[in-house]
Structures are given as structure tokens and as C-alpha cells.
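Chemist: Below are the sequence and a predicted model for it; my questions follow.
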Amino acid sequence: MDIFDDILNLRFIDYLDVVLVALLLYYLYKLVKGTVAINIFLGIIIIYGAWRLTEFLNMELLSGIFGGFMKVGIIALIVVFQPEIRKFLLMVGSTNFGRRRKFLQQLKFLKTEGTDDTNVDAIISACSKMSMSKTGALIVFERNNNLDFLSSSGDEMNIKVTQPIIESIFFKNSPLHDGAIIISNNIVKATRVVLPVNNEKHIPQRFGLRHRAAIGITEKTDALALAVSEETGHISYFKDGEFVVFEDTTELAKMIKNDLA
Ligand SMILES: Nc1ncnc2c1ncn2[C@@H]1O[C@H](COP(=O)(O)OP(=O)(O)OP(=O)(O)O)[C@@H](O)[C@H]1O
């Protein structure tokens, strides 16, 4: 009965508390998913379990050793998870409130008809042409996480998306063709951007740095990425650090529009 009383007595702030913890866990999971950090995390849990067990069994020497380790645990955690903590803070701090405002406007039916919707069809047409001519390309779509911290690694731009613009950026002799481009609200924000590369995931050997970079950025942020392979002309779409399977470019365009909505 006590439990039911407790549930009935939950305040709004308690629900909010639970939702925030769930969000925090989700972000933490997103950070450590597919990395060695998950193994370190498991290691810590095993040592904690061993410590409690040796304490329970009154094994003084062993429990002393594990206990000593656990006492400095928080410092060890900060040292070991330094890159993950850094990325986590970056992810939290770089949330793009501009897009959130747009979302609120949509809710209020105030959004003016598609002024800054990305022209996905133009991008897909450019990708199809680049696929046929085996021109390599790497396109990143910004969503809620602000990618300005990456733009500085390349050349900042402010140019409206059109099919010829995308094709000419990646044209082999163009000075801008190397690296990735970042697109936000139908604007190419940056070119020649260097993305974080995922070194840990086991993806087929035929995929090199371009595809690993697409996995890296979509894993660490909520961005989407499109890659056109220079070797095979194949178009790949990435979301949440994974390849997304699609039938044809019509389905691909539909998926991207959906994911950007
Ligand atoms: N970290 C990165 N960030 C942005 N662009 C990158 C990055 N790494 C590689 N690239 C781009 O990808 C190009 C090709 O790299 P690589 O051949 O290793 O990739 P790949 O996955 O095998 O692609 P492809 O099938 O086109 O050869 C590079 O010339 C560069 O323009």
C-alpha cells in the first residue's frame, strides 16, 4: 500500500526528475555505444561487485585493496573518461536552440511555408550525378546539435543549396572538394571540414576514412550524413553512427526529409 501511496504522492517535479535522468542516461549511452568506454564501464562495475562481495565475506585484505581503488574511483573516472566527458559537455553546450524555436513555431502553426527547408531533392540529384561520375562527396546535415565547432576546421561559407553548387564544390579540380560540407537550413555553412573519424567500429575494409568520418559525426552528434564513394560511386546514408539501408534515391530523399522535419 505504501508503494501506491508513494506513487500517488509523486509531484510534477519528480516526474521531471525521472525524465531528466532518462535523458542523461540516453546521452551517456550514445557516447559510450560502440566504444571501448563501455568495456571500462563494465570493468568498474565488476570491481565494485568484487569489493562488495569481499566485504560481505570479511576478506579484509582484498576488500581493503578494492575499497582503496573505489575511494579514488571518481578521480580515476574523470581521467579515464576524459574524452567522453569532454564530448558530453560539448554535446550539451552545442544544442542548437534556433532549431528548437522553429519546432515551437511549428507547434503553434506559425511557421511560414518552408522558407528554410533544405532542398533535399537538389542534393540527391547532385549525389546521383556524382555517383555516376564517381566523384567523392561527404555531406553533413546539421540538426539540433550545433556544428559550429567543426566549421572552424574548414572554410566558413554562406551559400544557398542548389544542385550545381553541390556538384561544383565536389568537382575533382575544385579547391573546395576535399573534406566534408555542412548544410543547415538550406545553407552550405562550411566546406573542407574535417570530421571526427570512428576508429573502433568494425566496418567492411572497402570503406575508408570518408565513411568512417560519416559514422563518427553521426555517432557523436545528431547530425545526418551522406557519402558518395569515389571508388564505387555508391551513395551511403548515415544516422546515429549506422549505415541506413534504402531501396533507391526516391526512398532516400523521403527518409532525409523525414529526418530533417
Ligand atoms: N575526417 C574526415 N573528415 C572529412 N573528410 C574526410 C575525412 N577523412 C577523409 N575525408 C575525405 O574522404 C576522402 C577519401 O578518403 P578515403 O579514400 O579514405 O575514403 P573512403 O571511405 O575509402 O571513400 P571512397 O570510397 O570515396 O574512396 C578524402 O580525400 C577526404 O576528402
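Modeler: Okay, I see it.
Chemist: make it CA atoms for all contacts and neighbour counts henceforth
Modeler: OK.
Chemist: what about residue 247, neighbour count?
Modeler: Around residue 247 there are 7 other residues, counting by other Cα atoms under 10 Å.
Chemist: quick one, what contacts it?
Modeler: Residues counted as contacts of residue 247 (Cα atoms under 8 Å, 6 or more residues apart in numbering): none.
Chemist: Whichever strand or helix holds residue 131 packs against which elements?
Modeler: Using DSSP states H and E, residue 131 maps to helix 120-132. Contact here means 3 or more Cα pairs under 8 Å, 6 or more residues apart in numbering; DSSP states H and E; on that basis helix 120-132 packs against helix 163-170, strand 224-228, strand 235-239, helix 249-260.
Chemist: just checking, next helix/strand downstream of it?
Modeler: Toward the C-terminus, helix 120-132 is succeeded by strand 137-141 as the next helix or strand (DSSP H and E).
Chemist: angle of that following strand against strand 235-239?
Modeler: With axes from the mean of the first three to the mean of the last three Cα atoms, to 10 degrees defining the directions, strand 137-141 sits at 30 degrees from strand 235-239.
Chemist: Next, give phi and psi for the closest residue to residue 85 other than its chain neighbours.
Modeler: Excluding the flanking residues, the one nearest residue 85 by Cα to Cα, 6 or more residues apart in numbering is residue 78, at 7.6 Å. Dihedral pair for residue 78: phi -60, psi -40, per degrees, to the nearest 10.
Chemist: State the distance from residue 78 to residue 84.
Modeler: Distance of residue 78 to residue 84, given as Cα to Cα, to the nearest Å: 9 Å.
Chemist: OK, now which residue of the stretch 1-150 of the chain is nearest to the ligand?
Modeler: In the stretch 1-150 of the chain, no residue comes nearer to the ligand than residue 136, which is 4.8 Å away by Cα to the nearest ligand atom.
Chemist: What is the burial count for that residue?
Modeler: Residue 136: 24 surrounding residues under other Cα under 10 Å.
Chemist: surely it meets residue 128?
Modeler: No - contact between residue 136 and residue 128 fails when scored by Cα atoms under 8 Å: they sit 11.3 Å apart.
Chemist: how about the residues of the stretch 101-250 of the chain that lie near the ligand?
Modeler: 136, 178-180, 193-197, 207-211, 213, 229-231 (Cα under 6 Å from any ligand atom).
Chemist: could I get the helices and strands packed on helix 120-132 as CSV with distance to residue 187 and mean pLDDT?
Modeler: Compiled in CSV, the helices and strands packed on helix 120-132 are given as follows (distance: least, Cα to Cα, whole Å; pLDDT from 0 to 100):
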stretch, distance to residue 187, mean pLDDT
helix 163-170, 11, 94
strand 224-228, 15, 95
strand 235-239, 19, 94
helix 249-260, 14, 92
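Chemist: Now tabulate these in a markdown table and tack on distance to residue 140 and mean neighbour count.
Modeler: Below are these laid out as a markdown table (distance: least, Cα to Cα, whole Å; neighbours: other Cα atoms under 10 Å):
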| stretch | distance to residue 140 | mean neighbour count |
| --- | --- | --- |
| helix 163-170 | 12 | 18 |
| strand 224-228 | 4 | 25 |
| strand 235-239 | 9 | 21 |
| helix 249-260 | 11 | 15 |
